[in-house]
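# Could you look at this predicted model? Sequence included:
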Amino acid sequence: MILTLFIVLAAQFFGVKGALEIVIEDIVCPFFSKEYLTEPDVYVNADNQVFLNFSIVKSFPTETQSYFQLLGASMGEYVIHTGLELQMSLCEMLDEPIIVGPILQIVGFDKPNCPSPPGVYGNENIEIPMELMPDEVIPNKYLISWELTYKEEKLLVIMIYIHVH
């Protein structure tokens, strides 16, 4: 009895590590600047992979800022600040090694050609790089918000809704 109680308490205190499962529930692009981009074609396929395709029709200004934020859900609203928040220039964001940098590189952005020239960008079957994720994440629904801005003007907003089990 005491041993069982100890095991249960130890598991709760130290956390139980298991296979992290992240399900991408939806991905939307509620805003894009027609001056710089064509309307992004973006969706989640049946294999929990993202398809993304867009064209840059005019290069982003070199001062373009990138803002990434992860919010947790509480009572159906994405209001919990997780502390995962990055703001830097788009070109500097390419050096971010864990989340945004690898995704930007997957869709065709690269540091030597930043800001990227006009052209078609994207990829199909984009997966969450699980090897870069922490061992433990609190199970919840999350919103990943990514914005590109120039001065006060929004250039692109992408929102990814995920569920961590």
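All right, it came through fine. Residues are numbered from 1 along each chain as shown.
# In contact with the most centrally placed residue in the chain: list those residues for me.
For the chain, the residue nearest the mean C-alpha position is Ile144 (5.0 Å; CA atoms, centre = their mean). Neighbouring residues of Ile144 by CB atoms under 8 Å, 6 or more residues apart in numbering: 68-70, 159-162. In short, each C-beta sits where N, CA and C put it, glycine included.
# name the element it belongs to?
strand 140-150 (DSSP states H and E).
# next one: Phe31
Judged by DSSP H and E, Phe31 forms part of strand 22-32.
# What pairs with the following helix or strand past that strand, parallel or antiparallel?
Next along the chain after strand 22-32, taking DSSP H and E as the criterion, comes strand 41-44. Take DSSP bridges as the rule and strand 41-44 pairs in its sheet with strand 50-56 (antiparallel).
# still on that earlier bit, distance check, the residue nearest to the centre of the chain against Asp135.
Between Ile144 and Asp135 the computed distance is 19 Å (CB to CB, to the nearest Å).
# quick one on the thing from earlier: select, from the contacts of Ile144, the two members most distant in space.
Within these, Phe68 and Tyr161 form the most distant pair, 15.0 Å apart (CB to CB).
# shaky segments in this protein?
1-18, 132 (pLDDT under 70).
# which stretches of it form strands?
Counting by DSSP state E, one finds strands in the chain at the ranges 22-32, 41-44, 50-56, 65-74, 77-89, 119-126, 140-150, 153-164.
# would you list those in JSON lines and tack on distance to Asn113?
Shown next, in JSON lines, are the strands of the chain (distance: least, CB to CB, whole Å):
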{"stretch": "strand 22-32", "distance to Asn113": "21"}
{"stretch": "strand 41-44", "distance to Asn113": "22"}
{"stretch": "strand 50-56", "distance to Asn113": "11"}
{"stretch": "strand 65-74", "distance to Asn113": "16"}
{"stretch": "strand 77-89", "distance to Asn113": "15"}
{"stretch": "strand 119-126", "distance to Asn113": "10"}
{"stretch": "strand 140-150", "distance to Asn113": "16"}
{"stretch": "strand 153-164", "distance to Asn113": "18"}
